[in-house]
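[1] here's a sequence, model it:
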Amino acid sequence: MTTTLTPEPGTIIIFSDIWCSFAHIAVHRLHTTRERLGLTDRVRFDHRAFPLELLNDAPSPRPGTDSEVGRMAALEPDAGWQLWQAKDWLYPSTTLPALEAVQAAKEQGFAASEQLDLALRRAFWAESRCISHRKVILDAAASTGVVDVDALAAALDDGRARRALSEQAAIAATDRVNCSPHLFLPDGTDHANPGIEVGWAGSYGIGWPVVSSDDPSVFEDILKRAAA
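    The predicted structure follows:
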């Protein structure tokens, strides 16, 4: 099992779950800031799983994600958001197949896994699609234009990325990884939910997030240090 959390220069390790709204914001900001700084060819994202359903021993409750949409969308509307619009029974009960697919896509390179991860986040948050379903995952892969869908399907069929997912979940369960998202840089620093300070009014799924501060500019520094 690979346990190092200090990546090679030019790489940012990102522990997160796909149905985490804070991770949706962070990943969107990483992509857009990397492009704006002209660092797309110099910095890559190594996505690793922080599977909330395993850490919490239960699926993520829909009332929780619903309560986050309005508040978090106001911070980064271009990331893509909407309240769940599909039938209730199509709401995903797990993100493990999607998280596994992102790991499987690494066989095709970080660019493939990055774009699949981004497409799956948009599928859930902006398009109300059931990312538990194999066809939805493969459709998201096809939409990227960079993922070899047949190769990904073969990897999902034989489960070759499942061990990596389990190993990452074990690391996520330790005190080395604090939350989704948690970023690790080549200089040895790490950043939990970078730029956002948040608390809760009421319990999760009943109350709502209360953001005390938000500083998107931190991603510029993170990306520049990763590229150094």
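
[2] which residues does the residue located most distally from the centre of the chain contact?
    Largest separation from the mean C-alpha position in the chain: residue 202, at 25.2 Å (C-alpha atoms, centre = their mean). Applying C-beta atoms under 8 Å, 6 or more residues apart in numbering, we find residue 202 in contact with residue 208. C-beta: built from backbone N, CA, C; applies to glycine.

[3] count the neighbours of residue 224 for me.
    Applying other C-beta atoms under 10 Å, we find 14 other residues in the vicinity of residue 224.

[4] mind exporting the C-alpha coordinates of stretch 28-45 to PDB?
    The C-alpha coordinates for stretch 28-45 follow below in PDB (Å, rounded to 0.1, in the frame of the first residue of the first chain):
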ATOM      1  CA  HIS A  28     -13.600  23.600  -9.800                       C
ATOM      2  CA  ARG A  29     -11.200  26.300  -8.500                       C
ATOM      3  CA  LEU A  30      -8.200  24.100  -9.000                       C
ATOM      4  CA  HIS A  31      -9.100  23.500 -12.600                       C
ATOM      5  CA  THR A  32     -10.000  27.100 -13.500                       C
ATOM      6  CA  THR A  33      -7.000  28.600 -11.600                       C
ATOM      7  CA  ARG A  34      -4.600  26.100 -13.200                       C
ATOM      8  CA  GLU A  35      -5.900  27.100 -16.600                       C
ATOM      9  CA  ARG A  36      -5.700  30.800 -15.900                       C
ATOM     10  CA  LEU A  37      -2.100  30.600 -14.600                       C
ATOM     11  CA  GLY A  38      -1.100  28.500 -17.700                       C
ATOM     12  CA  LEU A  39      -0.100  25.600 -15.500                       C
ATOM     13  CA  THR A  40      -2.200  22.900 -17.100                       C
ATOM     14  CA  ASP A  41       0.900  21.100 -18.500                       C
ATOM     15  CA  ARG A  42       2.900  21.600 -15.300                       C
ATOM     16  CA  VAL A  43       0.600  20.600 -12.500                       C
ATOM     17  CA  ARG A  44      -1.500  17.400 -12.400                       C
ATOM     18  CA  PHE A  45      -4.100  16.300  -9.900                       C
END
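
[5] tell me how far that stretch lies from the chain's centre.
    Averaging C-alpha positions (C-alpha atoms, centre = their mean, to the nearest Å) puts stretch 28-45 15 Å from its chain's average.

[6] what about residue 15, distance to residue 165?
    Per C-beta to C-beta, to the nearest Å, residue 15 is found 12 Å from residue 165.

[7] more crowded one of the two?
    Set residue 15 next to residue 165 and count neighbours by other C-beta under 10 Å: residue 15 wins out with 26 against 22.
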